[in-house]
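Colleague: mind looking at a prediction? Sequence and model below.
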Amino acid sequence: MLAMSQLCTLLYVSKSLITQPESINELLTVSRDINIQKEITGVLVLNSGRFLQVLEGHPDNVQLIYSRIVKDPRHEEVRLLLNSPISGRRFGRWSMAFLNPEEVPPILGATSFDELRLKADKTAGELLSLIQSMVTSDAASG
Ligand SMILES: Cc1cc2nc3c(=O)[nH]c(=O)nc-3n(C[C@H](O)[C@H](O)[C@H](O)COP(=O)(O)O)c2cc1C
């Protein structure tokens with residue numbers, strides 16, 4: 001039997017404790033380096049002081065990175081929304097795209113990640129599609 005390459009996606013939200021914009025740049029630089037090494041792709045969104053991150057990759061690598069992220073003192077209230085196998089990457093071009101939108105397009109009536117936290121369990125798929133469209137329409141995301 002042909003071995004299928006294993007892939008999973010993980011989605012969480014958290015509350016940012018970062019106050020300096022330079023600290024975000026540092027986080028992105030370090031994280032992107034590691035993600036490239038570990039063949040992790042995804043996106044980090046910052047809205048209303050909340051992070052929302054999507055990670056994609058081999059389940060072992062995704063778990064390893066997520067276990068570090070959970071312990072990171074630069075945010076709190078980390079809440080896992082989705083961790084499931086996927087057949088292909090949505091964010092294959094980005095080691096870690098970054099979006100800092102003023103407003104999140106409403107999804108099921110929620111306009112901030114704070115609100116989405118309460119609703120995303122049912123709508124993780126919709127949320128992923130929304131973020132994917134935001135990333136692909138934002139040429140500046142790295
Ligand atoms: C919101 C947030 C997102 C992060 N995303 C990633 C990531 O995608 N990849 C990564 O390697 N580290 C990420 N980190 C950083 C890790 O928590 C950790 O600092 C980094 O992997 C280096 O780990 P080490 O200090 O154990 O070497 C993130 C941290 C925060 C606060």
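Modeller: Perfect, I can see it now. Numbers count the residues shown, from 1 in each chain.

Colleague: any idea how far the residue at minimal distance from the centre of the chain lies from the ligand?
Modeller: What sits nearest the mean C-alpha location of the chain, by C-alpha atoms, centre = their mean, is Gln53, with 1.7 Å. To the ligand, Gln53 is 5 Å away according to C-beta to the nearest ligand atom, to the nearest Å. To be clear about C-beta, it is placed using only N, CA and C from the backbone, and glycine gets the same treatment.

Colleague: Ile36 now?
Modeller: 10 Å.

Colleague: doesn't that residue fall inside a strand?
Modeller: No - counting by DSSP: H, G, I helix; E, B strand; the rest coil, Ile36 is not part of a strand but helix.

Colleague: can you tell me which residues contact it?
Modeller: Ile36 is in contact with Ser95, counting by C-beta atoms under 8 Å, 6 or more residues apart in numbering.

Colleague: and the pLDDT at it?
Modeller: pLDDT, Ile36: 98.

Colleague: likewise for Gly49?
Modeller: Taking Gly49 on its own, its pLDDT is 88.

Colleague: check the one 3 residues further on too.
Modeller: Looking at Leu52, its pLDDT reads 91.

Colleague: pretty sure it is in contact with Val45, am I right?
Modeller: Yes - counting by C-beta atoms under 8 Å, Leu52 touches Val45, with 4.5 Å between them.
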